[in-house]
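>>> build the 3D model from these lines:
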Amino acid sequence: MSNFLKPPAFKPETTGPEADARYRKLRWQVFLGAFIGYAGFYIVRKNFSMAIPMLEPFGFEKGELGIVLSMNAIAYGFSKFIMASISDRSNARRFLPLGLILAALSMMFMIVPIQYIGAEHKSWAILLMAVLNFLVGWFNGMGWPPCGRVMTHWFSKTERGTWMSVWNCAHNVGGALVGPMAVYGAIWFGSWFYGADTERYFLIGTYLFPSCVAILVAIIAYCLIRDTPQSCGLPSIEKWRNDYTNTYNEKAEEVLSTKEIFRTVLSNRFLWYIAFANAFVYMVRYGCLDWAPTILTEKGINIKDAGWAYFAYEIAAIPGTLICGWLSDKLFHGRRAWPTIIFMLLVAVFIVIYWQFLDNVNIVILCLIAIGFFIYGPVMLIGVQALDLAPKNAAGTAAGLTGFLGYVLGTALLANVVIGYVAQAAGWNWTFILLLGSCFASILLMTMTINAENKR
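I've put the predicted structure just below:
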């Protein structure tokens, strides 16, 4: 690990009223930095989904664009697991902004295969798009692990569900901005680059404009985030709040070796249960989200309105996530499985309605809003459950395991490639059958963790 990313040394511990006031202030500051920073990653994350409807007139097909789309998820899944082990041994204040800047630069270059290669050399254009989308996904994988590190070190277990439900809304804020940014970035700046060639304006709104904003966000996040309380001369969060779990010990504050981190995480069978559950939750999440612009434009909705539907899906997630996190802390007393199961059942209900009224655009948009409301609670709680089941010094890697299966299996393979080719070959009906099957598979796997949560 380079000296640039090395965690800062612990400073002598201070106590008393002034230290308490500083602790409270820094908790809010660090939380705000993690929130803004993580939102920034989603500004340069799934932009390719918004670009798909505009790429088809250039001569690209759904199946091959689905493969490009899958590169993002594959890279993100591997990165979230591999880079998490580095993040658990790194300074979160530097690790997060570095990943965000690299993701933004990779996204900028997504203009190149369309502008300078084009469908005339389709194979090369698809290859370059796939490589760049892979890099975007890989560097995006550097976002969640440092945030998980920050949240476990600055917030204790009995309050973490509520705090993380608020923090988790960051990706909805960032994701929701992709649609409006694509629309207004093209309107405001498209003519600067392409004059009267309006068909290419989307390249500025979808790729360049969000990338510049993300770099600015990375600078702000660096100014706000601090690595651990101990690096600021403060006691551990468990000591400060007198909130110890039955598995806590002083070793949880130490930096583990890579071998120790992987051994701790991979030997926990309950982490594997929730990781596979996460794969099916993510198939539903991105199966609905990534293909919504395509479905809506096929039904006659213009891309501007489709962008706002994308926005509504993400914004609806905010109250749903907050309610789900609050329920897990207050009603279920730190148990995450039951609210996840309840919310996934409700997601299944609205997928059925979505499917049966596919030709009614108004009902489709309402169903997308409802699915967005209910799906992100389980997405968030599975990440929190991973943090609960692992010691603090392996928290990022534990969440990385769930993310690995969520993105590689659930998103890249199932939501992007399988749904892309199934929609192309058999129509949208079969995709809805797959989405419902995923809902019930995730519910079954989550029931296998209930007894373990009760014992903790």
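>>> contacting residues for Trp154?
Leu26, Arg27, Val30, Phe31, Thr228, Pro229, Ile237 (CB atoms under 8 Å, 6 or more residues apart in numbering). Where you see a C-beta, it was placed from the backbone N, CA and C, and this is true even at glycine.
>>> which residue ranges form the helices in the stretch 101-250 of the chain?
Taking DSSP state H, counting those that start in this stretch to define them, one finds helices in the stretch 101-250 of the chain at 112, 122-140, 144-154, 157-194, 201-203, 209-224, 237-241.
>>> once you drop chain neighbours, what's closest to Gly37?
Ala221 (3.2 Å; CB to CB, 6 or more residues apart in numbering).
>>> thought the one you found was touching Gly33?
Yes. With contacts counted by CB atoms under 8 Å, Ala221 reaches Gly33, the gap being 5.0 Å.
>>> those two: who's more crowded?
Neighbours were counted for Ala221 and for Gly33 using other CB atoms under 10 Å; Ala221 has more, 27 against 23.
>>> and the gap between the more buried one and Ala186?
Per CB to CB, to the nearest Å, Ala221 is found 27 Å from Ala186.
>>> thinking again about what came up before, for the contacts of Trp154, which one is nearest Gly400?
Of all those, Gly400 sits closest to Thr228, with 18.8 Å by CB to CB.
>>> with adjacent residues omitted, what lies nearest to the closest one?
Thr228 sits nearest to His153 (CB to CB, 6+ apart), 4.5 Å away.
>>> for the one you found, list the residues it contacts.
Asp227, Thr228, Pro229, Ser236, Ile237, Lys392.
>>> out of the residues you listed, which comes closest to Ala275?
Lys392 (19.1 Å).
>>> residue contacts, the residue nearest the centre of the chain?
Note on the chain: the residue nearest the mean C-alpha position is His171, at 6.0 Å, using CA atoms, centre = their mean. Applying CB under 8 Å, 6+ apart to His171 gives the contacts Tyr38, Ala39, Phe41, Tyr42.
>>> ok, and the most crowded of these?
Phe41 (30 neighbours).
>>> distance of Ala282 relative to Tyr407?
Residue 282: Tyr, not Ala. Counting by CB to CB, the gap from Tyr282 to Tyr407 is 7 Å.
>>> where does the stretch 1-150 of the chain dip in pLDDT?
Along the stretch 1-150 of the chain, segments meeting pLDDT under 70 span 1-2, 118-119.
>>> figure out which of the helices of the stretch 101-250 of the chain is closest to Thr449.
Per CB to CB, nearest to Thr449 of the helices of the stretch 101-250 of the chain: helix 157-194, 15.0 Å.
>>> and that closest one, what's its mean pLDDT?
Helix 157-194 carries an average pLDDT of 79.
>>> now that helix, how far from the chain's geometric center?
11 Å (CA atoms, centre = their mean, to the nearest Å).
>>> can you give me the buried ones in it?
157, 160-179, 181-183, 185-186, 189-190, 194 (16 or more other CB atoms under 10 Å).
>>> can you check stretch 233-246 too?
Those would be Leu234, Ser236, Ile237, Glu238, Lys239, Trp240, Thr245, for stretch 233-246 by 16+ other CB under 10 Å.
>>> pick out the most distant pair among the residues you listed.
Most distant of the buried residues of stretch 233-246, by CB to CB, are Leu234 and Thr245, 19.5 Å apart.
>>> save the buried residues of stretch 233-246 as JSON lines, and put in pLDDT and distance to Asp88 too.
JSON lines is the format used below for the buried residues of stretch 233-246 (pLDDT from 0 to 100; distance: CB to CB, whole Å):
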{"residue": "Leu234", "pLDDT": "91", "distance to Asp88": "20"}
{"residue": "Ser236", "pLDDT": "85", "distance to Asp88": "16"}
{"residue": "Ile237", "pLDDT": "83", "distance to Asp88": "16"}
{"residue": "Glu238", "pLDDT": "79", "distance to Asp88": "18"}
{"residue": "Lys239", "pLDDT": "82", "distance to Asp88": "21"}
{"residue": "Trp240", "pLDDT": "83", "distance to Asp88": "21"}
{"residue": "Thr245", "pLDDT": "61", "distance to Asp88": "18"}
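>>> which single one of those residues is nearest to Leu55?
Ile237 (46.8 Å).
>>> any buried residues in stretch 349-369, and which?
Those buried within stretch 349-369 under the rule 16+ other CB under 10 Å are 350-351, 353-355, 358, 361, 364-369.
>>> quick one: secondary structure of the nearest residue to Pro319 once chain neighbours are set aside?
Once flanking residues are discounted, Pro319 sits nearest to Phe373: 6.7 Å by CB to CB, 6+ apart. Recorded secondary structure, Phe373: helix (DSSP: H, G, I helix; E, B strand; the rest coil).
>>> what residues does Phe373 make contact with?
Ala316, Ala317, Pro319, Gly320.
>>> can you tell me the element the first one falls in?
Taking DSSP states H and E as the criterion, the element that holds Ala316 is helix 303-330.
>>> which residues of the stretch 251-400 of the chain score low on pLDDT?
Ranges of the stretch 251-400 of the chain meeting pLDDT under 70: 251-258, 293, 299-310, 391-393, 395.
>>> quick one: the helices in it?
Going by DSSP H, counting those that start in this stretch, the stretch 251-400 of the chain shows helices at 258-266, 269-289, 292-298, 303-330, 337-356, 361-389, 395-405.
>>> return the distance of the longest one from the chain's centre.
Spelled out, that is helix 361-389. On CA atoms, centre = their mean, the centre of helix 361-389 falls 12 Å from that of its chain.
>>> how far away is the closest residue to Trp326 other than its chain neighbours from Tyr376?
Counting by CB to CB, 6+ apart, Thr162 is the residue found nearest to Trp326 once chain neighbours are left out, at 5.7 Å. For Thr162, the distance to Tyr376 equals 15 Å [CB to CB].
>>> same check on Phe4?
34 Å.
>>> of the two, which one has the most company?
Tyr376 (30 against 10).
>>> ok, back up a step: can you tell me which of the contacts of His171 end up in helices?
Among the contacts of His171, the members found in helices (DSSP state H) are Tyr38, Ala39, Phe41, Tyr42.
>>> between the contacts of His171, which is closest to Phe134?
Using CB to CB, the contacts of His171 come closest to Phe134 at Phe41, 15.7 Å.
>>> hang on, that closest one packs against Leu100?
Yes. With contact defined as CB under 8 Å, Phe41 and Leu100 form a contacting pair (5.8 Å).
>>> any shared contact partners between the two?
Joint contacts of Phe41 and Leu100 (CB under 8 Å, 6+ apart) are Gly143, Ala214.
>>> show me what contacts Lys330?
Contacts of Lys330 by CB under 8 Å, 6+ apart are Thr162.
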